[in-house]
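>>> Need coordinates for the below:
(one chain, ligands or ions: 1)
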Amino acid sequence: MTTDTPTIVWLRDDLRLTDNPALSAAVQRAQPIIVLYLLDEVSPELRALGGASRWWLHNSLASLDAAITKLGGTLTLRRGAAREVIPALVAEAGAGAVYWNRRYGRSRDIDADLKSRLRRDAGDIQTNGTGIDVQSFHGSLLFEPWTVLNGQGEPYRVFTPFWRACLEHDVRAPLPAPAELPAPARLAGTSIRSDVLDDWALLPTRPDWADGLRENWTPGEAGAHERLETFVSDHLVDYHRRDEPAVPATSRLSPHLRFGELSPFQIWEQVQQHRGPGAGKNAAKFLSEVGWREFSWNILYNFPELHRKNYRPAFDNFPWQQPDAATLTAWQDGRTGIPLVDAGMRELWHSGYMHNRVRMVVASFLIKNLLVDWRVGEAWFWDTLVDADEANNPASWQWVAGSGADAAPYFRVFNPELQASKFDPDSEYIRRWVPEFGTADYPDPIVDLRESRQAALAAYEAVKAQPVNAQPAKEQAADPQ
Ligand code: FAD
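Here you go, the predicted model:
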């Protein structure tokens, strides 16, 4: 009788069963499969999740567990430092393989360590024919960062040529979900998943502020696909109106992408297959926004300190003002007296989401009109957004600040009143979130927009004309983690 050597599929930001290359490879290996999610709040390479992300993660894992159970499998939940838990699980399960889909932030150092350690301890099956098979796969970005380089072999720093170069590559078709997920006998029934999930305490309790999140979102793979299909069939046609916050013209797929409940390959295919009115232009524009996600991850790959450090070091000398508590709270609560800013901040607090145009306006207001360091705003978004993304969030904040790659020029200060008259001309969005707008209950502005704009421009003079970060690209990974 031969003994099972189970395959561990370690899921991270890819909480899906369809188009999951690591999972497909495990199915091919034809051994029992341990689908693992590990809550690692210890490894220093990982940024602690914000409150809204923790809410999403809980619900996404519950949904994943139900989907795996339907296929006859088990979702194994563990907690602790990946460098310790994964080798321990390999030993406990007698695993013969560990597969994962690659990640591209600082966490790839963890993956690199694990890959070499598991191979060293157990022997590398690829070279020795015995030991453990440890492999990583390409699943979360359309184009892995080291595959899109300019003529000098360096990463792009400007979006348009980056995306043009991306579009020269082929995009593979999505992979199907496994038909079944046989779990190994040895680990089966070790714990009741819902109890473990409750122990992790990812949901807010005192107070439970998640009503607005529940109203707006269905975390999990099924919810993600429903949203993708509805968007492509009903709203893609309106994508040219994507800057109008009152219009449901964008996909709202961002949290699903963030947690990998659907892959960009699935989006790509669905959009390509769609042949509705205005499909060409709207589809190309929509896919180029997905391209911005690729670009942000490309930046993070080459500059892993993106949420801590200015991409352009010239901004290290910027004279940020320390905000007083009342000013910062007014911004966070949406009580600045600037209607579009307040509407956006209240949308964020209630729903865990904010329309992209309004994100730019509230960020510009904090950074430029209040002269607050972009990292303060980035941290607030990190805590409150359901789509808080390790790459997109700091890249976008740095874009608004002018300190990022291909950033808005420093002198571009969004005027929230002009933005409102252009993109929310009937104040529909503003009234939706700020019901007291236009009444005596609505506060006066906390800052004079014209004067503060002048102050920002003066401050920016100090950092003007200094060069872009000249950090060299990481060496191309021969064996990417
Ligand atoms: P759609 O217009 O339908 O776009 C489709 C997908 O493309 C999005 O789901 C997203 O994955 C990607 N995308 C769209 N615009 C951008 C962009 N400008 N940069 C990178 N990717 C983009 N996006 C996040 O996913 N997470 C964040 O934490 C985040 N923080 C931001 C902070 C600021 C200050 C700003 C200005 C933007 C931020 N964005 C972030 C980008 C953008 O606002 C959101 O991706 C978008 O609003 C999500 O809505 P949607 O899914 O309907 O977008």
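>>> Show me where the stretch 251-400 of the chain has its helices.
Along the stretch 251-400 of the chain, the stretches classed as helices by DSSP state H, counting those that start in this stretch are 254-258, 264-273, 279-302, 325-333, 339-351, 356-364, 374-384, 392-401.
>>> want to try CSV for those, with distance to T147, mean pLDDT and mean neighbour count as columns?
C-beta here means a position set from N, CA and C on the backbone, and glycine is covered the same way. Below are these laid out as CSV (distance: least, CB to CB, whole Å; pLDDT from 0 to 100; neighbours: other CB atoms under 10 Å):
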stretch, distance to T147, mean pLDDT, mean neighbour count
helix 254-258, 20, 98, 24
helix 264-273, 14, 96, 18
helix 279-302, 10, 96, 20
helix 325-333, 40, 98, 16
helix 339-351, 35, 98, 24
helix 356-364, 27, 98, 23
helix 374-384, 28, 98, 21
helix 392-401, 19, 97, 26
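>>> Output those helices in JSON lines, with distance to the ligand appended to each entry.
Below are the helices of the stretch 251-400 of the chain laid out as JSON lines (distance: least, CB to the nearest ligand atom, whole Å):
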{"stretch": "helix 254-258", "distance to the ligand": "3"}
{"stretch": "helix 264-273", "distance to the ligand": "8"}
{"stretch": "helix 279-302", "distance to the ligand": "4"}
{"stretch": "helix 325-333", "distance to the ligand": "13"}
{"stretch": "helix 339-351", "distance to the ligand": "10"}
{"stretch": "helix 356-364", "distance to the ligand": "3"}
{"stretch": "helix 374-384", "distance to the ligand": "5"}
{"stretch": "helix 392-401", "distance to the ligand": "3"}
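>>> Next, format those helices as TSV and append distance to W10.
Shown next, in TSV, are these (distance: least, CB to CB, whole Å):
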stretch	distance to W10
helix 254-258	18
helix 264-273	20
helix 279-302	20
helix 325-333	36
helix 339-351	31
helix 356-364	32
helix 374-384	24
helix 392-401	23
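>>> Spell out which residues of this protein are next to the ligand.
Residues of the chain found near the ligand (CB under 6 Å from any ligand atom) are 242, 250-254, 257-258, 289-290, 292-293, 296, 356, 359-360, 363, 381, 385, 387-389, 392-393, 396-397, 400.
>>> longest single strand anywhere in the chain?
Across the chain, the longest stretch assigned as strand under DSSP state E is strand 33-39.
>>> which residues sit against it?
Applying CB atoms under 8 Å, 6 or more residues apart in numbering, the contact partners of strand 33-39 are 6-12, 15, 23, 26-27, 61, 64, 68, 73-80, 82, 85-86, 89, 93, 95, 181-184, 187, 200.
>>> now do stretch 397-404
299, 306, 310-312, 314-315, 318, 360, 363-364, 367, 374-375, 377-378, 381, 395, 405-410, 412, 460.
>>> F315 contacts K464, correct?
No. When contacts are counted by CB atoms under 8 Å, F315 is not listed as touching K464 (10.5 Å).
>>> Those two: which has the busier surroundings?
F315 (24 against 12; other CB atoms under 10 Å).
>>> For the spatially most central residue of the chain, report the pLDDT, please.
In the chain, the C-alpha closest to the average C-alpha coordinate belongs to D389, at a distance of 2.9 Å (CA atoms, centre = their mean). Looking at D389, its pLDDT reads 98.
>>> Return the distance of it relative to L300.
Look at D389 and L300: by CB to CB, to the nearest Å, they are 9 Å apart.
>>> for Y353, same thing?
Counting by CB to CB, the gap from Y353 to L300 is 21 Å.
>>> Show me the shaky parts of the stretch 1-150 of the chain.
1-2, 126-129 (pLDDT under 70).
>>> typed the wrong thing, it's the stretch 151-300 of the chain
186-192, 276-278.
>>> how about the strands in it?
Assigned by DSSP state E, counting those that start in this stretch, the stretch 151-300 of the chain shows no strands.
>>> Measure how buried F437 is and give me the count.
15.
>>> Wasn't it part of a helix?
No. Counting by DSSP: H, G, I helix; E, B strand; the rest coil, F437 is not found in a helix; it is coil.
>>> pretty sure it is touching R431, no?
Yes. If you go by CB under 8 Å, F437 and R431 touch, sitting 5.9 Å apart.
>>> Tell me which residues touch V271, please.
V271 touches V232, L236, A283, F286, L287, counting by CB under 8 Å, 6+ apart.
>>> nope, V9 is what I meant
N20, A22, L23, A26, I33, I34, V35, L36, Y99, W100.
>>> Most neighbours of all the residues you listed, which one?
Neighbour max across these (other CB under 10 Å) = N20, 29 neighbours.
>>> Could you list which residues are in contact with that residue?
Applying CB under 8 Å, 6+ apart, one finds that N20 lies in contact with V9, L11, D14, N101, G139, L175, A177, S263.
>>> give me the beta-bridge partners of the closest residue in space to the second one that isn't next to it in sequence?
Read it as L11. Closest residue to L11 apart from its sequence neighbours, by CB to CB, 6 or more residues apart in numbering: Y37 at 5.3 Å. With DSSP bridges applied, Y37 shows beta-bridge pairing to L11, L77.
>>> do you know how far Y37 is from E45?
For Y37, the distance to E45 - CB to CB - is 17 Å.
>>> In terms of neighbours, single out the busier of those two.
Between Y37 and E45, counted using other CB under 10 Å, Y37 has the larger neighbour count: 23 against 16.
>>> residue contacts, the closest residue to E436 other than its chain neighbours?
Closest residue in space to E436, ignoring its immediate chain neighbours: Y442 at 4.9 Å, by CB to CB, 6+ apart. By CB under 8 Å, 6+ apart, Y442 lies in contact with G337, P339, V434, E436.
>>> Find the helix or strand that Y442 is a member of.
If you go by DSSP states H and E, Y442 is not part of any helix or strand.
>>> From the ligand, how far off is it?
25 Å (CB to the nearest ligand atom, to the nearest Å).
>>> my guess is D65 contacts R193, does it?
Yes. With contact defined as CB under 8 Å, D65 reaches R193; the gap is 5.0 Å.
>>> and for those two, which residues touch both?
Joint contacts of D65 and R193 (CB under 8 Å, 6+ apart) are L75.
>>> neighbour-wise, which of the two wins?
The residue with more neighbours, out of D65 and R193, is D65; 22 against 19, by other CB under 10 Å.
>>> Leaving out chain neighbours, which residue sits closest to the more buried one?
L75 (4.3 Å).
>>> Then G220?
That would be S63: by CB to CB, 6+ apart, it lies 2.7 Å from G220.
>>> what about dumping the CA coordinates of the helix or strand containing that neighbour to CSV?
If you go by DSSP H and E, S63 is part of helix 51-70. C-alpha atoms of helix 51-70 as CSV (Å, rounded to 0.1, in the frame of the first residue of the first chain):
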residue,chain,number,x,y,z
GLY,A,51,-10.5,47.0,10.3
ALA,A,52,-12.5,46.9,7.0
SER,A,53,-10.1,44.3,5.5
ARG,A,54,-10.4,42.1,8.6
TRP,A,55,-14.2,42.2,8.2
TRP,A,56,-13.8,41.3,4.5
LEU,A,57,-11.3,38.5,5.2
HIS,A,58,-13.6,36.8,7.8
ASN,A,59,-16.5,36.7,5.3
SER,A,60,-14.4,35.7,2.4
LEU,A,61,-12.9,32.8,4.3
ALA,A,62,-16.4,31.7,5.4
SER,A,63,-17.5,31.7,1.8
LEU,A,64,-14.4,29.9,0.6
ASP,A,65,-14.9,27.3,3.3
ALA,A,66,-18.4,26.6,2.1
ALA,A,67,-17.3,26.3,-1.5
ILE,A,68,-14.5,23.9,-0.5
THR,A,69,-16.8,21.8,1.6
LYS,A,70,-19.1,21.4,-1.4
